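Enquirer: Show me how the following folds:
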Amino acid sequence: MSAFHAPWLTGQDLSASIEHTERPARLRSRTAVLLTRIGSSVARHRARAQPITGVGTEGTAKVRALTDQVDRLADRLQRAQSDLEALTLKDPLTGLLNHRAFKERASQELRRAERERSSLAIVALDVDGFKDVNERWGHACGDHVLRGLAQAIGSELRSSDICGRVAGDEFMLGIVHSDVADALGVVDRLRKRIDAMNAGPGWQALTISAGVSEYPRHARSREELMHLADGAMYWAKSRGRNRSCVYSAESDSPLSPQEAAERASREGLVNTVHALANAVDAKDGYTHLHSQRVAGYAALLAADLGLSADSVEKVRTAGVLHDVGKIGISDALLLKPTYLTEEETKEMRRHSELGRDIIGGAGMTDVSNFVLYLHERFDGGGYPAGIAGARIPLESRILHVADTFEAMTCSHVYRKALPVDTALEELERHSGTQFDPVVCEAMVELVRSGRLSGSVEDRPTHVPAVLATFG
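Expert: Numbering: from 1, shown residues only. This is a model prediction of the structure:
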């Protein structure tokens, strides 16, 4: 991405403001007005400039220097406006067209295809299981996957073709002068490239599902072509993933309208819960990846204790979401740099039940129960129910150890991180009272054997420990 040349704003700053604070069109409009006003002001000053006589050589040099400064400012303004236009059309993560820009380009290519009586193929691509990549290895790993996929797509397209990132892990291609067969060939070549890619330290394999529609064979409008390609892509997912489907009017939808509506509602709720969890982590600059690290620790610990793959994934999800209930706790309390009062402690402890209600409301009943009992102690002195021993779900006991270890080895606003050895000694000291001794022993062994890294102070960008361990 090009740097923004105006001295008061960098390209990175502007990209962030576009992505997180303003709609691109509105920002472009406001900034264009500002640039126009500044440019007009520069032009007026230049127009009013008159030859100056009687100032001598030194005065003439100063006037020329001032004129040069004005010229440079005008050039910077022109470049800034060009950079701004580019930023409002590009996805800041991948550099591909954003959703709005893709639709504009697709409309242009459709008009061209209509004039030239040619075909245009629209392809919807989705990364299979991408949510699992984010939950397992963190969003930094997910972003790396999306950038790699964007590069792979670009290598298979011609300069005349178009590609955009239209949703989190969904891409759309417009392949000009091409039919369904041509589009399927592009996807097959892309799939071979993706076979060589993987995600995270576990070398998780990546696959894609694709749906294809064609102008004018299936539809004539851009909206309908994109909709049909998207629907065909969901057919591909419902039939086993890692495959391509072409839209057909004769094909039955894999879900009834009621089932489709229920799935969309459920997925929307789950996405909302994850967004709330991210918002909680983002509140504290010291612990903004706390939940991702807890999830990584807990999943490794659960696998080491012999839990099934399904249970390990539920533990991982619970780790990511375990603090979501804190969205209902005030920032003043969450970020208080001193000890909490008795009343404040009671208020803070409400987050366990709040989290249970939020997660359970999204249909994740097992995960919600694991989160509810995370702060129970093995000796019965925890909260919210005060249960002890085997009455506490094993998954909650695992999460309790992982959460405590991460909290001890990461700096907070109220204290610095403890050395890893000191944190392990604390776990051992409270084994059998605060912590399940079997879980505690397994955690200590994971760290001391080097299979789990607990050092966070030397991570320059707060990479989750499972990522830091494997580089």
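Enquirer: And for the residue lying closest to R451 once chain neighbours are set aside, the neighbour number?
Expert: Spatial nearest neighbour of R451, chain neighbours left out: L300 (7.1 Å); criterion: Cβ to Cβ, 6 or more residues apart in numbering. Every C-beta, even on glycine, is put in place using the N, C-alpha and C of the backbone. By other Cβ atoms under 10 Å, 23 other residues sit near L300.
Enquirer: Can you pull out the low-pLDDT segments for the stretch 151-300 of the chain?
Expert: Residues of the stretch 151-300 of the chain meeting the criterion pLDDT under 70: 200-202, 250-269, 283-288.
Enquirer: re the thing from before, let me know whether the residue nearest to R451 touches L446 as I believe.
Expert: Yes: shown here, L300 and L446 form a contact pair, counting by Cβ atoms under 8 Å, at 6.3 Å.
Enquirer: Now for the two: what residues contact both?
Expert: Applying Cβ atoms under 8 Å, 6 or more residues apart in numbering, one finds that L300 and L446 are jointly contacted by L452.
Enquirer: What about D75, how many residues nearby?
Expert: 11.
Enquirer: before we move on, what SS does it have?
Expert: Under DSSP: H, G, I helix; E, B strand; the rest coil, the three-state class of D75 is helix.
Enquirer: Roughly how far does it sit from E445?
Expert: Distance, D75 to E445, using Cβ to Cβ, to the nearest Å: 63 Å.
Enquirer: Setting aside sequence neighbours, what's the nearest residue to the residue nearest the centre of the chain?
Expert: Computing the C-alpha centroid of the chain and ranking residues by Cα atoms, centre = their mean puts H139 first, at 5.0 Å. Nearest non-adjacent residue to H139, counting by Cβ to Cβ, 6+ apart: Q292, 7.5 Å away.
Enquirer: residues touching that neighbour, list them.
Expert: When contacts are taken as Cβ under 8 Å, 6+ apart, Q292 is in contact with G138, H139, D281, V320, P464.
Enquirer: Keep only those of these that are in strands.
Expert: With DSSP state E as the criterion, strands contain none of the contacts of Q292.
Enquirer: Now render those residues as a markdown table, adding distance to S330.
Expert: Supplementary listing: the contacts of Q292 in a markdown table, determined by distance: Cβ to Cβ, whole Å:
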| residue | distance to S330 |
| --- | --- |
| G138 | 27 |
| H139 | 26 |
| D281 | 16 |
| V320 | 23 |
| P464 | 27 |
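Enquirer: Of those, which is the most crowded?
Expert: Neighbour max across these (other Cβ under 10 Å) = P464, 28 neighbours.
Enquirer: Let me see the confidence value for it.
Expert: Per-residue confidence (pLDDT) for P464: 31.
Enquirer: related to what we said a few turns ago, from W137, how far out is the residue nearest to H139?
Expert: 9 Å.
Enquirer: likewise S107?
Expert: In terms of Cβ to Cβ, S107 sits 37 Å off from W137.
Enquirer: try T345
Expert: For T345, the distance to W137 (Cβ to Cβ) stands at 34 Å.
Enquirer: Please apply the same query to G185.
Expert: Taking Cβ to Cβ, one finds G185 at 32 Å from W137.
Enquirer: Compare those two and say which one has the larger neighbour count.
Expert: W137 (24 against 13).
Enquirer: so the more buried one sits right up against A199, yeah?
Expert: Yes: the pair W137 and A199 qualifies as a contact (Cβ under 8 Å) at a distance of 6.2 Å.
Enquirer: residue boundaries of the strands in the chain?
Expert: With DSSP E, the ranges of strands along the chain come out as 120-127, 162-165, 170-176, 198-199, 204-205, 208-215, 244-246.
Enquirer: can I get the CA coordinates of the second one in PDB?
Expert: The C-alpha coordinates for strand 162-165 follow below in PDB (Å, rounded to 0.1, in the frame of the first residue of the first chain):
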ATOM      1  CA  ILE A 162     -10.900  -8.900 -11.200                       C
ATOM      2  CA  CYS A 163     -10.700 -10.200  -7.600                       C
ATOM      3  CA  GLY A 164     -12.000  -8.800  -4.300                       C
ATOM      4  CA  ARG A 165     -12.300  -9.800  -0.700                       C
END
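Enquirer: got a list of what V212 touches?
Expert: V212 sits next to 121-124, 180, 183-184, 187, 229, 232, 244-247 when contact means Cβ under 8 Å, 6+ apart.
Enquirer: thinking V273 is in contact with D323, fair?
Expert: No: with contacts counted by Cβ under 8 Å, V273 stays clear of D323, the gap being 11.6 Å.
Enquirer: from the contacts of V212, which would you call buried?
Expert: Buried subset of the contacts of V212 (neighbour count, 16 or more other Cβ atoms under 10 Å): 121-124, 180, 183-184, 187, 229, 232, 244-247.
Enquirer: Tabulate those residues in a markdown table, adding columns for distance to G296.
Expert: As requested, the buried ones among the contacts of V212 are exported to a markdown table (distance: Cβ to Cβ, whole Å):
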| residue | distance to G296 |
| --- | --- |
| A121 | 41 |
| I122 | 38 |
| V123 | 34 |
| A124 | 32 |
| V180 | 42 |
| A183 | 39 |
| L184 | 38 |
| V187 | 33 |
| A229 | 36 |
| A232 | 36 |
| S244 | 34 |
| C245 | 35 |
| V246 | 40 |
| Y247 | 40 |
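Enquirer: Looking at the residues you listed, which is nearest T409?
Expert: Taking Cβ to Cβ as the measure, T409 sits nearest to A124 out of the buried ones among the contacts of V212, at 43.1 Å.
Enquirer: Can you give me the pLDDT of that closest one?
Expert: 94.
Enquirer: residues contacting it?
Expert: The neighbours of A124, taking Cβ under 8 Å, 6+ apart as the test, are E170, F171, M172, A210, G211, V212, M226, A229, D230, A232, M233.
Enquirer: now, which of these sits nearest A101?
Expert: Nearest member of the contacts of A124 to A101, counting by Cβ to Cβ, is M172, at 11.1 Å.
Enquirer: correct me, but the closest one touches R105?
Expert: No: using Cβ under 8 Å, M172 is not in contact with R105, being 10.3 Å away.
Enquirer: For E395, give me its contacts.
Expert: Counting by Cβ under 8 Å, 6+ apart, E395 makes contact with A302, L307, S311, K314, V315, A318, F370.
Enquirer: oh sorry, the question was meant for H218
Expert: Per Cβ under 8 Å, 6+ apart, neighbours of H218: E224, L225, L228, Y247, A249.
Enquirer: looking at those, which has the most residues close by?
Expert: L225 (27 neighbours).
Enquirer: C163 versus P92, what's the distance?
Expert: 15 Å.
Enquirer: between the two, who's got more neighbours?
Expert: More neighbours surround C163 than the other of P92 and C163, with 22 against 17 (other Cβ under 10 Å).
Enquirer: List the beta-bridge partners for the more buried one.
Expert: When bridges are called by DSSP bridges, C163 pairs up with L173.
Enquirer: quick one: the helices in the stretch 101-250 of the chain?
Expert: Taking DSSP state H, counting those that start in this stretch as the criterion, the stretch 101-250 of the chain carries its helices at 130-137, 139-156, 180-195, 222-238.
Enquirer: between the ones you listed, which gets nearest to T365?
Expert: helix 130-137 (17.7 Å).
Enquirer: tally of neighbours for the spatially closest residue to A417 that is not a sequence neighbour?
Expert: Once flanking residues are discounted, A417 sits nearest to S411: 4.5 Å by Cβ to Cβ, 6+ apart. S411: 13 surrounding residues under other Cβ under 10 Å.
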